[in-house]
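K.L.:
any chance you can model this:
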Amino acid sequence: MYDERLAEFSRERLDGRPMPDDLRVLLVAQWEGRTDFTRLVDLDFFEAGEVHPLLDTSYLSEKELADPEIQAVNAAAAEMAKYVKLVAKGGKGWIGYWLHPDEPTDRAWHLMELDTEFTFWGLVGLTSGAWSASL
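P.N.:
As a prediction, the model looks like this:
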């Protein structure tokens, strides 16, 4: 019933990688309006078309966007967005996965949190059951 929506989420948020089972369950629950768990842990999963927080510059003025230091920060943030696959808003900012292309693809993904000051926090646990163990 949600196959196309899950595939779209994977393309947009996970670069088309196979979706972890725990994430799939939580997304379907949110889409079906069963949000008790996500409210408990303060999570709201991204909807299609929402801008990746590391790429969002909408809050900056034209003057700020022209500033070389801000441009350098934005370039670094865009580079990090290649590896930080954020899937939900909540906690100190956003929750997602660290997926670097040099890491083995046959192991569970590392959960991480990114706060609103762009500080990364590693979370205890990995995919497939890690949400309840780490949040």
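K.L.:
which helix runs longest in the chain?
P.N.:
helix 68-81 (DSSP state H).
K.L.:
and it, how far out from the chain's middle?
P.N.:
The chain centroid and the centroid of helix 68-81 are separated by 18 Å under CA atoms, centre = their mean, to the nearest Å.
K.L.:
what's the first helix or strand after that helix?
P.N.:
Next along the chain after helix 68-81, taking DSSP states H and E as the criterion, comes strand 84-90.
K.L.:
just the element for residue 122, please.
P.N.:
strand 120-126.
K.L.:
what's the longest helix of the chain packed up against?
P.N.:
On a contact count with 3 or more CB pairs under 8 Å, 6 or more residues apart in numbering; DSSP states H and E, helix 68-81 meets helix 62-66. Glycine gets a C-beta too; all of them are placed from N, C-alpha and C.
K.L.:
can you point out the buried residues in the longest helix of the chain?
P.N.:
Within helix 68-81, the residues that count as buried by 16 or more other CB atoms under 10 Å are 74, 77, 80.
K.L.:
residue farthest from the centroid of the chain?
P.N.:
residue 63 (28.8 Å; CA atoms, centre = their mean).
K.L.:
can you name the next helix or strand after whichever helix or strand residue 9 is part of?
P.N.:
Following DSSP H and E, one finds residue 9 within helix 3-13. With elements assigned by DSSP H and E, the helix or strand that comes after helix 3-13 is helix 21-31.
K.L.:
show the low-confidence segments of this protein, by residue range.
P.N.:
38, 105, 124-135 (pLDDT under 70).
K.L.:
one more time with 80, if that's ok
P.N.:
35, 37-41, 91, 101, 103-108, 121-135 (pLDDT under 80).
K.L.:
so what's the spatially most central residue of it up against?
P.N.:
With distances taken as CA atoms, centre = their mean, residue 86 lies nearest the centre of the chain, 0.8 Å away. Counting by CB atoms under 8 Å, 6 or more residues apart in numbering, residue 86 touches 13, 46, 52-54, 94-96, 114.
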